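**Student:** Need coordinates for the below:
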Amino acid sequence: MGAQVDEGRRPGVTSEESAELKRLRRENAELRRANEIMKDASAFFAAELYRPTTRS
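**Tutor:** As a prediction, the model looks like this:
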């Protein structure tokens, strides 16, 4: 059946489209993780800017 979809004889998602969708989902998850790391880092550094410094 997969070959029939790939050849256009049956409706559905082709093997190429399925592989691309899998790759894009993986990339999307990776980018979401990176965004969370960046948000945490920016919050950390923003807190450092407003922390009072004690100098002797």
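**Student:** show me where the protein has helices.
**Tutor:** Assigned by DSSP state H, the helices in the chain fall at 2-6, 15-50.
**Student:** For the protein, give me the ranges with low pLDDT.
**Tutor:** Low-confidence segments of the chain (pLDDT under 70): 55-56.
**Student:** could you redo the last one with a cut-off of 80?
**Tutor:** 1, 50-56 (pLDDT under 80).
**Student:** burial count for residue 2?
**Tutor:** 12 (other C-beta atoms under 10 Å). For glycine as for every other residue, the C-beta is placed from the backbone atoms N, C-alpha and C.
**Student:** Now it: closest residue in space that isn't a chain neighbour?
**Tutor:** residue 15 (6.1 Å; C-beta to C-beta, 6 or more residues apart in numbering).
**Student:** And for residue 21?
**Tutor:** In this structure, residue 21 finds its nearest non-sequential neighbour in residue 13, 7.4 Å apart by C-beta to C-beta, 6+ apart.
**Student:** and the residue nearest to residue 16 when sequence neighbours are not counted, what does it touch?
**Tutor:** Leaving aside its chain neighbours, residue 16 sits nearest to residue 6 (7.5 Å; criterion: C-beta to C-beta, 6+ apart). Residues in contact with residue 6 (C-beta atoms under 8 Å, 6 or more residues apart in numbering) are 14-16.
**Student:** ok, 10 Å please
**Tutor:** Going by C-beta atoms under 10 Å, 6 or more residues apart in numbering, residue 6 touches 12-18.
**Student:** Residue 20 too?
**Tutor:** 13-14.
**Student:** Give me whichever of the helices of the chain is most buried.
**Tutor:** helix 2-6 (a mean of 13; mean count of other C-beta atoms under 10 Å).
**Student:** And for residue 14, the neighbour number?
**Tutor:** The burial count for residue 14: 13, using other C-beta under 10 Å.
**Student:** mind checking how far the nearest residue to it once chain neighbours are set aside is from residue 48?
**Tutor:** In this structure, residue 14 finds its nearest non-sequential neighbour in residue 6, 5.0 Å apart by C-beta to C-beta, 6+ apart. As defined by C-beta to C-beta, to the nearest Å, residue 6 lies at a distance of 55 Å from residue 48.
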